[in-house]
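>>> Could you work out the structure for the sequence below:
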Amino acid sequence: MGLKGFAEGGIASIVAGCSTHPLDLIKVRMQLQGESASIQTNLRPALAFQTSAAAHAPSPPPRVGIITIGSRIIRQEGTRALFSGVSATVLRQTLYSTTRMGLYDILKTKWTDPETKTIPLTRKLAAGFIAGGIGAAVGNPADVAMVRMQADGRLPVVDRRNYKSVLDAIAQMVRGEGVTSLWRGSSMTINRAMLVTASQLATYDSVKETILEKGLMRDGLGTHVTSSFAAGFVASVASNPVDVIKTRVMNMKVEAGKTAPYKGAVDCALKTVRAEGIMALYKGFLPTVSRQAPFTVIMFVTLEQVKKVFKDFDF
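The predicted structure is shown next:
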C-alpha cells in the first residue's frame with residue numbers, strides 16, 4: 001500500500017479538478033448571489049411582513065442561473081476568467097484530495113474482512129469521515145485562496161484583491177489578515193469534506209459492488225461511470241448547504257475597525273436563512289451537481305486507469 005493510494009488519488013483529483021474548474025467558479029458566484037443585498041437590508045427575515053421602510057427599500061437584483069452567469073463572466077471578464085483561481089485548485093487537490101483519497105484507501109484496506117473481502121457500509125462512511133476531515137484541515141489555505149480568486153471578478157474594480165496566483169493570495173492574506181485567516185471557515189470546510197468524502201467514496205464503492213455482484217455490467221467504463229455519477233449526486237445533496245456557508249465565510253472581507261459581516265459559520269447560516277429563506281442553502285445546487293457529477297466521474301474513471309498503470313509498482 002504505502003504511498004501508492006495517495007499518488008493515485010492525487011493524480012486523479014488534479015485531473016478532475018482542472019477539468020471542471022469553470023463549473024466550480026460559476027457555482028461560487030451563484031452561492032454569493034444576494035449576499036450583499038441581504039446584509040445591507042439588515043437581514044429582514046424571509047417570511048416577515050413588510051414594514052413601510054422595508055417596502056421602499058431597494059430590491060435585490062434578480063437571481064440568475066448557471067448559463068446567464070457563465071455568459072456574463074465571459075462577456076465582462078473574458079473567457080480566461082472561467083479559470084480564475086485554477087492554480088489554487090491544483091494546490092487544493094494536491095493537499096486535500098491526495099490526503100483524503102490516500103487515507104480512505106488505507107482505512108478501507110485495514111477494515112476489510114480478510115476472509116469475505118468485504119467492508120460494511122458503516123465502516124466505509126467512517127473511513128470517509130476521518131479521511132475527509134484530515135484532508136480538509138491540510139488543504140484549507142488553498143481552499144480559502146481558491147474561493148477568493150474565483151469570487152474576485154464579481155467585486156467592484158476598486159475592491160478587487162487582484163491576486164496573481166495562489167501563492168500570492170496566501171502571502172497577501174498572511175500579511176494583511178494574519179496566519180489564522182488561512183483557516184477561516186475551516187470548521188465548515190472540514191464538515192463539508194467529511195460529508196463529501198464519506199458520501200462520495202462510500203457510494204461509489206457500494207454501487208460498484210452491487211453492479212458487479214448482480215452481474216448488471218462488467219467491471220469496465222460503464223460500471224465506473226454509473227457508480228461515479230451516483231456518487232457525485234449523493235455528495236452534492238449532502239454537502240450543498242455547508243458549501244454555501246463555507247463560501248460566504250471564506251469570501252467575506254474583514255477590514256480593520258469594522259465589524260465582520262459574519263461572526264462565524266453558525267452566524268452566517270442564521271443570517272442567510274433569515275434574510276433569504278431556507279432554500280438559500282441550496283443556492284448553486286445545479287452547478288454543484290453539474291460540477292460534482294463530472295468531477296466525480298472524471299476522478300474515478302481516471303483513478304481506475306491510474307491504478308492499472310501503477311499496478312506493478314510498490315511504493
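>>> in the stretch 201-315 of the chain, which spans are helices?
With DSSP state H, counting those that start in this stretch applied, the stretch 201-315 of the chain shows helices at 221-251, 265-276, 285-309, listed in chain order.
>>> Same list, those helices, but as TSV with mean pLDDT please.
Converted to TSV, those look like this (pLDDT from 0 to 100):
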stretch	mean pLDDT
helix 221-251	90
helix 265-276	89
helix 285-309	90
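>>> Would you mind finding the most buried of those?
Mean neighbour count, computed with mean count of other CB atoms under 10 Å, is highest for helix 221-251 among the helices of the stretch 201-315 of the chain, reaching a mean of 22. For every residue, glycine as well, the C-beta is placed using N, CA and C.
>>> What is that one packed up against?
Where contact means 3 or more CB pairs under 8 Å, 6 or more residues apart in numbering; DSSP states H and E, helix 221-251 is packed against helix 21-31, helix 121-151, helix 186-213, helix 265-276, helix 285-309.
>>> switch to 10 Å and redo it
Contact here means 3 or more CB pairs under 10 Å, 6 or more residues apart in numbering; DSSP states H and E; on that basis helix 221-251 packs against helix 21-31, helix 35-40, helix 121-151, helix 186-213, helix 265-276, helix 285-309.
>>> Using TSV, lay out these together with distance to Val157.
Converted to TSV, these look like this (distance: least, CB to CB, whole Å):
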stretch	distance to Val157
helix 21-31	17
helix 35-40	16
helix 121-151	14
helix 186-213	29
helix 265-276	26
helix 285-309	25
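>>> Ok, which of these comes nearest Ala171?
Shortest distance between Ala171 and the helices and strands packed on helix 221-251, using CB to CB, is found for helix 121-151: 9.9 Å.
>>> Name the residues of the helix or strand just after that closest one that are buried.
Under the assignment DSSP states H and E, the closest C-terminal helix or strand after helix 121-151 is helix 166-177. Using 16 or more other CB atoms under 10 Å as the test for burial, helix 166-177 gives 166, 169-170, 172-173.
>>> how about a markdown table for the residues you listed, with pLDDT and distance to Val179 added?
As requested, the buried residues of helix 166-177 are exported to a markdown table (pLDDT from 0 to 100; distance: CB to CB, whole Å):
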| residue | pLDDT | distance to Val179 |
| --- | --- | --- |
| Val166 | 90 | 16 |
| Ala169 | 91 | 14 |
| Ile170 | 92 | 10 |
| Gln172 | 92 | 12 |
| Met173 | 91 | 9 |
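>>> With distance to Gly78 added, can I get those residues in TSV?
Formatted as TSV, the entries for these read as follows, by distance: CB to CB, whole Å:
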residue	distance to Gly78
Val166	20
Ala169	20
Ile170	25
Gln172	23
Met173	25
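>>> out of those, who's nearest Phe300?
For the buried residues of helix 166-177, the minimum distance to Phe300 (CB to CB) is 25.6 Å, reached by Val166.
>>> show me the contacts for that closest one.
Taking CB atoms under 10 Å, 6 or more residues apart in numbering as the contact definition, Val166 lies against 85-92, 141-142, 145-146, 148-149.
>>> Name the nearest residue to it, ignoring sequence neighbours.
Distances taken as CB to CB, 6 or more residues apart in numbering place Ala88 nearest to Val166, at 4.0 Å, with adjacent residues excluded.
>>> And the next helix or strand past whichever strand or helix holds the one you found?
Assessed by DSSP H and E, Ala88 sits inside helix 86-92. Following helix 86-92 in sequence order, the next helix or strand is helix 98-111 (DSSP H and E).
>>> could you say what helices and strands that following helix packs with?
Helices and strands touching helix 98-111, as assessed by 3+ CB pairs under 10 Å, 6+ apart, comprise helix 4-19, helix 121-151, helix 186-213, helix 285-309.
>>> Only the C-alpha atoms, please, for it, written as PDB.
What follows is the C-alpha trace of helix 98-111 in PDB, where atoms were taken according to Å, rounded to 0.1, in the frame of the first residue of the first chain:
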ATOM      1  CA  THR A  98      -4.300  13.500  -2.100                       C
ATOM      2  CA  THR A  99      -4.600  13.200   1.600                       C
ATOM      3  CA  ARG A 100      -8.300  12.100   1.800                       C
ATOM      4  CA  MET A 101      -8.000   9.600  -1.100                       C
ATOM      5  CA  GLY A 102      -4.800   8.000   0.400                       C
ATOM      6  CA  LEU A 103      -6.200   7.800   3.900                       C
ATOM      7  CA  TYR A 104      -9.500   6.400   2.800                       C
ATOM      8  CA  ASP A 105      -7.700   3.700   0.800                       C
ATOM      9  CA  ILE A 106      -5.600   2.800   3.800                       C
ATOM     10  CA  LEU A 107      -8.500   2.600   6.200                       C
ATOM     11  CA  LYS A 108     -10.700   0.700   3.800                       C
ATOM     12  CA  THR A 109      -8.000  -1.900   3.300                       C
ATOM     13  CA  LYS A 110      -7.400  -2.100   7.100                       C
ATOM     14  CA  TRP A 111     -11.100  -2.600   7.900                       C
END
